[in-house]
Structure formats: structure tokens, C-alpha cells
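Peer 1: using only what follows, build the 3D model:
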Amino acid sequence: MDELRISWDGALSEKLLALLTRQTRLYTSGESSSIPWETAREMMTSILYTLRLDGAEPGERGRQLAGADLEEELLRGQKRIRRKMQFARRLWQRLAASGAAGESRALGATLLGIGEFWRRYDWRFAAHEIPCGIDYPLALPVPESLQGADYLTEWLSRLDTEVRFQSAFPAAARSAAWDRFHPERYDLPLNLYEPLAADALCLFALGREVRALMVGPGERRAFAGRLALLTEGETEAALRRWAEGLGETLELPESRDRRYLTDYARTLLPRIRTAAAGGWPRIFP
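Peer 2: Numbers count the residues shown, from 1 in each chain. Alright, predicted model coming up:
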């Protein structure tokens, strides 16, 4: 273990290295306290994740752990991860049964691959890893700072929010909007939330019926024309106001679902800033 160094000084570094030695013995079933450097590095990354300790700066969490029993803290962290795994499994089962996978080959393949997570995931020695492929893109990607079960749980939670939003519209209206977005969307890894949200925001801003999703070039030009009258600050405020109003109109669950829609609406702002005169199509996905 001498080859492995932790940049933090003092008691915490020593305790972490001692914990790594203990985990190594468990990993090798007590046969050795020596493993390849690459394995030790990954195991330490797993320990830091399980302890909820940033690998770059220990911060307040590091100061808390410096005076704690790290073996107890590791067990506590592993219990938290197992609870996350159980919650993620329930989310996955609900999404797999929702029928959403039938709208996108990429989504179907991703949900199928996630089904292997619980068999492959090593919550003891490689808790930071995500042993499954996730190819379907979300409208709002999960931060790369999340790892392991936390990443998967957040990804599934966001997909659950997106699928719930899609169900607020009639199936025929959804399909027509997706076909306008891209006729080959079933075979391509394209997000299905985005075109519905953008079109519904457009209709809400124009005072039209949102659930029909009847958006054509005329509606999009009118939306762009309305935005052209606003300053940048007014545009941001309007997007937030329209998203909040749309969430209420669709009777979306409060908190997460409505906040997700508002956060998505903000992603339109850079497109609006760069859209030149007559460039309204670039506002929409």
C-alpha cells in the first residue's frame, strides 16, 4: 500500500489507509494485504464515495470523519447505498412496466441494460461504479459528479419525471409531435421529453390549448416574435413564468416535476440568445 498516497495530511489520511488495508483483507478473503495499485486506487475511490467524502478536498465532511470510527462510518454508508439500490430497483420496475420503452429503441435497450445493475454492482468494493450501459439521453443530464447508486437513482428519478410529463398528453398528440420532431426518432437515441416540453411551452406562451400539441411553423414564428420583444432578463423571467403556468395547467405534481420543467425551460435561453432574425427553428429541439 505504500505506493498509494492520499493528498490529505494528518489523522484522516492514516485512518483511510488503515481502512483500505482492512478492505483489502476482506477483498482477498484474508489471504493478502497486497493488491495491484490499480485495484487499490479503485477500492479507495469506492471507500471515499461510500463515506461521502470528496476525493479532491475533505472539507467539513473530512473534519467530521477525522474524529470518527471509519469502520462504523463505512458500514453506515453501505447501508445507505443498499437503501438507494432498493429505491432504484422500484423505480426501474415501474419504468419498465410503464410502456415508455416502446417509444424508443435506445430507451428500451437502456432499461434492459439497467436490469443487470443489481447483479453486477459491487457495493462493498466498487460502490462508485455503474456497471451498466446508459445510452438514452435525458433532457437534463445527471451531473457527472454523482457516482454509483446515487447516479443511477438520480437518472431513474429524472426519467420517471420525464415519463410522467409525457403521460399528461394524449397518445396521438405525443406521437404526432415526435414524428414532426424526427420521423426516425424510434431508432435514434433522441430524448422524447424535449420536443413535447418545447412545443407545450410555445403553446402556453401563445395562449393556445397545450395538450393538443398542435405546433407548426406559424406558432413557432409567433413564439419567436414574442421573444424578440423582450430583453434578456425579461426572457428568462417569461420562460420561468410560462413553465410554472404550464406545470399548473397540466396538473403536474408539485416540487420535482414542476421544478424539472422550469429547469428545462431555462435551457432554451442560450438557443434564444443565438437565434438570429428568422432563425426561430433553432429555438426548438
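
Peer 1: low-confidence ranges, the protein, go.
Peer 2: 1-9, 32-33, 54-58, 275-282 (pLDDT under 70).

Peer 1: which stretches in it count as helices?
Peer 2: 11-27, 37-50, 59-66, 70-96, 105-114, 117-120, 148-166, 171-181, 193-205, 217-228, 232-249, 256-274 (DSSP state H).

Peer 1: from R94, how far out is F181?
Peer 2: Separation of F181 from R94 (CB to CB, to the nearest Å) stands at 25 Å. In short, each C-beta sits where N, CA and C put it, glycine included.

Peer 1: one step back: now, of the helices of the chain, which is deepest in the fold?
Peer 2: helix 193-205 (a mean of 23; mean count of other CB atoms under 10 Å).

Peer 1: and for it, what's in contact with it?
Peer 2: Applying CB atoms under 8 Å, 6 or more residues apart in numbering, the contact partners of helix 193-205 are 138-139, 162, 165-166, 169, 174, 177-178, 180-181, 209-210, 212-215, 219-220, 223, 226, 238-239, 242-243, 245-246, 249-250, 261, 264-265, 268, 283-285.

Peer 1: what's the answer for stretch 148-162, then?
Peer 2: Counting by CB under 8 Å, 6+ apart, 49, 81, 84-85, 87-88, 91-92, 94-95, 100, 114, 117, 121, 123, 127-130, 132, 134, 136, 138-140, 142-143, 146, 191-193, 256-257, 260 sit against stretch 148-162.

Peer 1: can I get it in PDB? Just the C-alpha atoms.
Peer 2: Provided in PDB are the C-alpha atoms of stretch 148-162 (Å, rounded to 0.1, in the frame of the first residue of the first chain):
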ATOM      1  CA  GLY A 148     -22.700   4.500  -8.300                       C
ATOM      2  CA  ALA A 149     -26.100   4.000  -6.800                       C
ATOM      3  CA  ASP A 150     -26.600   7.800  -6.400                       C
ATOM      4  CA  TYR A 151     -26.100   8.400 -10.200                       C
ATOM      5  CA  LEU A 152     -28.400   5.500 -11.100                       C
ATOM      6  CA  THR A 153     -31.100   6.700  -8.700                       C
ATOM      7  CA  GLU A 154     -31.000  10.200  -9.900                       C
ATOM      8  CA  TRP A 155     -31.000   9.100 -13.600                       C
ATOM      9  CA  LEU A 156     -34.100   6.900 -13.000                       C
ATOM     10  CA  SER A 157     -35.800   9.700 -11.000                       C
ATOM     11  CA  ARG A 158     -35.300  12.100 -13.800                       C
ATOM     12  CA  LEU A 159     -36.600   9.600 -16.400                       C
ATOM     13  CA  ASP A 160     -39.600   9.000 -14.100                       C
ATOM     14  CA  THR A 161     -40.300  12.700 -14.100                       C
ATOM     15  CA  GLU A 162     -40.000  12.900 -17.900                       C
END
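
Peer 1: hang on, the earlier thing: redo the helices of the chain as CSV? Include distance to D187.
Peer 2: Listed next are the helices of the chain as CSV, based on distance: least, CB to CB, whole Å:
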stretch, distance to D187
helix 11-27, 43
helix 37-50, 36
helix 59-66, 45
helix 70-96, 20
helix 105-114, 6
helix 117-120, 25
helix 148-166, 19
helix 171-181, 12
helix 193-205, 16
helix 217-228, 25
helix 232-249, 30
helix 256-274, 24
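
Peer 1: got the contact list for I134?
Peer 2: By CB under 8 Å, 6+ apart, the contact set of I134 is 110, 113-114, 155.

Peer 1: turn the residues you listed into JSON lines, columns for distance to L201.
Peer 2: What follows is the contacts of I134, written out as JSON lines (distance: CB to CB, whole Å):
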{"residue": "T110", "distance to L201": "26"}
{"residue": "G113", "distance to L201": "32"}
{"residue": "I114", "distance to L201": "30"}
{"residue": "W155", "distance to L201": "24"}
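
Peer 1: ok, now how distant is P36 from R25?
Peer 2: Counting by CB to CB, the gap from P36 to R25 is 15 Å.

Peer 1: swap in L250?
Peer 2: 55 Å.

Peer 1: same deal with I272?
Peer 2: 58 Å.

Peer 1: do the same with Y49
Peer 2: According to CB to CB, Y49 stands 20 Å off from R25.
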